[in-house]
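# Need the 3D shape of this:
(2 chains)
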2 protein chains.
Amino acid sequence: MNVVQNLKLFFEPHSLAFIGASRKTAAKDGDTNPVETMLRDGYKGKIYPVNPNASEIMGLKSYPSIGDVPGDVDLVVISLPREGLIKAVTECVQKGIKAIILYSMGLDDGEDDEGKRIQAEAIRIAREGGARIVGPNTFGVINAFNGLNTYWAPMYTEQTIPLGAVCQSGIFSYRSWPEPPAGRGRMVGKVLDLGNLGDIDYADVLEFYESDPQTELIFLHMERVKAGRRFLEIARRVSLKKPILALKVGRTPEGARVVASHTGALGGNDGVYDGAFRQSGIIRVKDVDELDDLIKTFLFLPLMKGKGVGIIGHVGGIKGMGTDAFISQCLEIPKLTPDTLAQMGKLFPSWIKPFNPLDTWPAGILHGYQESTEALINLMLSDINISGLLFVVWTVSQDEYKAWDATQIAVKAAARFPDKPICTWGYGPDASGWRASLEKNPGILYFNTPERAARALAALHHRWRFLRETQSI
Amino acid sequence: MNVVQNLKLFFEPHSLAFIGASRKTAAKDGDTNPVETMLRDGYKGKIYPVNPNASEIMGLKSYPSIGDVPGDVDLVVISLPREGLIKAVTECVQKGIKAIILYSMGLDDGEDDEGKRIQAEAIRIAREGGARIVGPNTFGVINAFNGLNTYWAPMYTEQTIPLGAVCQSGIFSYRSWPEPPAGRGRMVGKVLDLGNLGDIDYADVLEFYESDPQTELIFLHMERVKAGRRFLEIARRVSLKKPILALKVGRTPEGARVVASHTGALGGNDGVYDGAFRQSGIIRVKDVDELDDLIKTFLFLPLMKGKGVGIIGHVGGIKGMGTDAFISQCLEIPKLTPDTLAQMGKLFPSWIKPFNPLDTWPAGILHGYQESTEALINLMLSDINISGLLFVVWTVSQDEYKAWDATQIAVKAAARFPDKPICTWGYGPDASGWRASLEKNPGILYFNTPERAARALAALHHRWRFLRETQSI
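Residues are numbered from 1 along each chain as shown, chains lettered A, B, ... in the order given. Sure thing, here's the model as predicted:
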């Protein structure tokens, strides 16, 4: 059994045992209980609580030990103090179990040698028996596609997304499902919390996501990585097929020191990561705003095949700011072709010569905002020099200002030009209302600032260029 | 009459005439109409529509010319094609009017010499008569304190804030009221749109805001500035009393070119602005996310009197990221005093030594999350090395996870330590729910990322240091 097959058991177990299952309930004790959460959320596999002090947990029969569980068990979660680990892992191996999650803390992450010894011994026993370990010091795994959730927290899936995430800190997993586009449900894909990286490492999970048909985009939250060369080789191969976003914590020496104290190992020189990531095609994000933006960008927008961005909007005052944003991202605000400009010119007063970035206002006064903006966006996106668009919306309240319906304009443009990414950015007193109106449509994303829109389009263009240069497309 | 007295007429007119007032209504024509909007929003001054083709506008008597209006008029808005400007301005001056807003476009911003000539002539006539002009090519002025709003858009004030803004593009004014803290009403202060900078300039408005008791924080949206030396001298003086935020558009050469095409003048070398702003105590913001953050930060948080930040939270996994964020902003995550550490240690298991950044989780398991976090935050904020705090909240749904009430913890801490700014940052599937719960309390701000929280605290510390070094405090 190779590690990808082991990982399939972690993500898609038909049966699951919790050694050290708790009787605490969310309602009574505050903390949620994964057995309770999974039953509620409709996980379809079998769940076996293992706890010698209980005969029943959450309405399920509880077994004194894993050896007493009837039938096969694909995945075991061990939630015991470290003193009981070796015995539990040994019994798992004896039962033929190949996938073990170790919740337990105080091992490699603890302050004494005993924890390190127990961790090493548990992993040795597991590996000899053909089992692989996620953790210790982990929340385990979430798979929104089948309701699997070993975390001590609910999942709230309203929409499954093809995102495969790997984190090194349980809490971080929660940022691997981004704030959903406004007006759409919470989005969750797959997440694995690696914890102390005792056994299973980033490279292993990358290989699993590489072959997983439900995963189209990968996110890594990293504090440190083991076996760096293998990781980078695999990342290079996988990134040719699926974009890999990485948030590497420990950018500053101080941050790296804190990371070390949390995971029990050095974070490594940050500059090395920067270069290595770039060479492997990994897209490094610097914070969770960028992470949110790029997850949505890669999930919902097409790649951008050229450098040229069109900026079009209701008012002139934002054009300078928009231009700044895209130029800073090494994109271009190109001239439009003479033919495009001639056709646009017909919609403007004779004393105004249209150009990119394009202020649609004077055309709107002459021909109506709705019609003229639709026509001008079509001309802009038909231009050979334009590969992506920023549509600037004046976000006056839709209840009060009925001069146009910008959402319809954006939706039509996205449908007509599916190969050119369209970002929207709003400007006015009711930005949140417009954001919701725009984003409830698939294929339309809204950004708080032109800088964030520019960053998104730049990522789509760089991805396209990376694939082109590596001859993957 | 000095320019500050003129500006008082712009912001606080007892009577207001609209030359070229329109009969269009928002309900019927889409575009809003300032006469209609102001009547609805309860502006208390007198409004005189002037339009020779109407006898009544929005239920108000309309006059054929400004000379026909009975009684005094403090402020006139002229919304006429450029051909009628000279005559209208002349009549205003004859009536003794001292404050004129010129909506009209196609002047210095137009493509022919005629526009420039008309603008110069109109300003000459006004100045000779003791009148000052805002614009041309402007939306005019908004003052949420008295319902004045000459914009072609509604204002939506639910909460007046002591923010005085100056913009060079009508549309930009709408970002001078930031997205309100979640759960609180829309916030508007004062805004002036300078348009073409024909007469009234940034320095003038700065002087007005300097002496305006309703203004505590100033925001400038700048594309270019005239009379740079006077502006910088006044900014230097005003910034000793009130913080000045500036968003200078045209950072890139391409952006600066676009700005020039919009306002009819060169934007100037961006690097020069950077240095000059710093010397004048102006706080430069780079985008509207930062603008939103810093407006709220200066309005709602106290200055930070030292460099030391405490990070405290529910989970260890975010500490590295938080540390990175503050170190990158040249703040420090200092060691706590031995006394603080000894007192904290009593709440932790013996095998964990607390330190900053502080993971409260193990203490929570022993003593309850609520009690232990309250105690630890009090100890942290009492420490002499700590001048500001990042409180990291695990944003699991409040309906499902009742182990603690982080909002109460934050509120109590803010009340107990009013001299130390507290930022919150949330981590989990229900960030927006927690954001609303936290921010509805004055004095509590929530940031999407630790980087944004760090930027806010850095601004509060730099402001304190600036005042200290200039001996203003």
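# what about the stretch 51-200 of chain A, any weak spots by pLDDT?
Scanning the stretch 51-200 of chain A with the threshold set as pLDDT under 70 gives A:170-172, A:174-185.
# And the residue of it closest to chain B?
With CB to the nearest CB, the shortest gap between the stretch 51-200 of chain A and chain B falls at residue A:169, namely 2.4 Å. Quick note: C-beta positions are derived from backbone N, CA and C, even for glycine.
# Am I right that that residue is in contact with residue A:221?
Yes: Residue A:169 is in contact with residue A:221 according to CB atoms under 8 Å; the separation is 6.9 Å.
# Could you tell me the backbone phi and psi angles at residue A:112?
Note on residue A:112: its backbone torsions stand at phi -120, psi 170 [degrees, to the nearest 10].
# sorry, that was for residue A:388
Recorded main-chain torsions at residue A:388 are phi -160, psi 160, according to degrees, to the nearest 10.
# Now do the same contact list for it.
A:304, A:306, A:308-310, A:331, A:420-423, A:457, A:460-461 (CB atoms under 8 Å, 6 or more residues apart in numbering or on different chains).
# swap in residue A:459?
Residue A:459 makes contacts with A:283, A:294, A:297, A:298, as judged by CB under 8 Å, 6+ apart.
# residues of the helix or strand containing the third one that come out buried?
Translated: residue A:297. Per DSSP states H and E: residue A:297 is located in helix A:288-300. Across helix A:288-300, burial judged by 16 or more other CB atoms under 10 Å in any protein chain shown covers A:288-300.
# near chain B, from the residues you listed?
Intersecting the buried residues of helix A:288-300 with the contacts of chain B gives A:288, A:289 (criterion: CB under 8 Å from any CB of the partner chain).
# sorry, back to before: so what's the residue count around the residue of the stretch 51-200 of chain A closest to chain B?
Using other CB atoms under 10 Å in any protein chain shown as the criterion, residue A:169 is surrounded by 26 other residues.
# related to what we said a few turns ago, out of the contacts of residue A:459, which two sit at the greatest distance?
Spatial extent of the contacts of residue A:459 (CB to CB) is set by the pair A:283 and A:297 at 10.3 Å.
# Tell me how far residue A:295 lies from residue B:254.
Remark: distance between residue A:295 and residue B:254 (CB to CB, to the nearest Å) = 29 Å.
# meant to ask about residue A:450, not that
Distance, residue A:450 to residue B:254, by CB to CB: 13 Å.
# What of residue A:199?
From residue A:199 to residue B:254 the distance is 52 Å (CB to CB).
# which of the two has more neighbours?
The residue with more neighbours, out of residue A:199 and residue B:254, is residue A:199; 24 against 18, by other CB under 10 Å.
# leaving aside the residues next to it on the chain, what's closest to that one?
Leaving aside its chain neighbours, residue A:199 sits nearest to residue A:133 (4.0 Å; criterion: CB to CB, 6 or more residues apart in numbering or on different chains).
# got it, and residue A:78?
Computed as CB to CB, 6+ apart, the closest residue to residue A:78 that is not its neighbour in sequence is residue A:19, at 4.6 Å.
# Which residue ranges of the stretch 1-150 of chain A form helices?
Assigned by DSSP state H, counting those that start in this stretch, the helices in the stretch 1-150 of chain A fall at A:3-11, A:26-29, A:34-41, A:85-94, A:113-128.
# Outline the domain layout of chain A.
For chain A, automatic domain parsing gives the domain ranges A:1-134, A:156-300, A:302-469.
# mean pLDDT lowest for which of those domains?
Looking at the domains of chain A, the lowest mean pLDDT belongs to domain A:156-300 (a mean of 83).
# Can you give me the first-to-last residue distance of it?
Using CA to CA, to the nearest Å, the span of domain A:156-300 from its first residue to its last is 21 Å.
# quick check, distance from that domain to the centre of its chain.
Put simply, domain A:156-300 sits 8 Å off its chain's centre (CA atoms, centre = their mean, to the nearest Å).
# picking that back up, quick one: which of the contacts of residue A:459 is nearest residue B:428?
In terms of CB to CB, no member of those lies closer to residue B:428 than residue A:294, at 20.0 Å.
# For the closest one, give its distance to chain B.
Applying CB to the nearest CB, to the nearest Å, the value for residue A:294 to chain B is 14 Å.
# Pipe the helices of the stretch 1-150 of chain A into JSON lines and attach distance to chain B per row.
Shown next, in JSON lines, are the helices of the stretch 1-150 of chain A (distance: least, CB to the nearest CB, whole Å):
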{"stretch": "helix A:3-11", "distance to chain B": "19"}
{"stretch": "helix A:26-29", "distance to chain B": "6"}
{"stretch": "helix A:34-41", "distance to chain B": "9"}
{"stretch": "helix A:85-94", "distance to chain B": "16"}
{"stretch": "helix A:113-128", "distance to chain B": "9"}
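# ok, back up a step: how much space separates the residue nearest to residue A:78 from residue B:57?
Relative to residue B:57, residue A:19 is positioned 79 Å away (CB to CB).
# between the two, who's got more neighbours?
In this view residue A:19 and residue B:57 are compared by other CB under 10 Å, and residue A:19 has more residues nearby, 28 against 22.
# residues making contact with the strand or helix carrying residue A:371?
Assigned by DSSP H and E, residue A:371 belongs to helix A:369-382. For helix A:369-382, the external contacting residues (CB under 8 Å, 6+ apart) are A:310, A:312, A:314, A:336, A:340, A:343-344, A:347, A:354, A:356, A:358, A:360, A:363-364, A:366-367, A:386, A:389, A:391, A:403-406, A:408-409, A:412-413, A:416-417, A:420, A:422, B:30.
# what do you get for stretch A:321-333?
A:307-311, A:313, A:356-357, A:388, A:390, A:392, A:425, A:449-451, A:453-455, A:457-458, A:461, B:249-255, B:257-258, B:287.
# Please list only the buried members of those residues.
For those, buried by 16+ other CB under 10 Å: A:307-311, A:313, A:356-357, A:388, A:390, A:392, A:425, A:449-451, A:453-455, A:457-458, A:461, B:249-252, B:254-255, B:257-258, B:287.
# if you look at these, which of them are in strands?
Counting by DSSP state E, the part of these found in strands is A:309, A:310, A:311, A:313, A:388, A:390, A:392, A:425.
# got the buried residues for stretch A:219-233?
Using 16+ other CB under 10 Å as the test for burial, stretch A:219-233 gives A:219, A:220, A:221, A:222, A:223, A:224, A:225, A:231, A:232.
# Which helix or which strand is home to the last one?
So that's residue A:232. Assigned by DSSP H and E, residue A:232 belongs to helix A:228-239.
# re the thing from before, format the helices of the stretch 1-150 of chain A as TSV; extra columns: distance to residue B:34 and mean neighbour count.
TSV is the format used below for the helices of the stretch 1-150 of chain A (distance: least, CB to CB, whole Å; neighbours: other CB atoms under 10 Å in any protein chain shown):
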stretch	distance to residue B:34	mean neighbour count
helix A:3-11	60	20
helix A:26-29	54	14
helix A:34-41	53	20
helix A:85-94	73	19
helix A:113-128	71	17
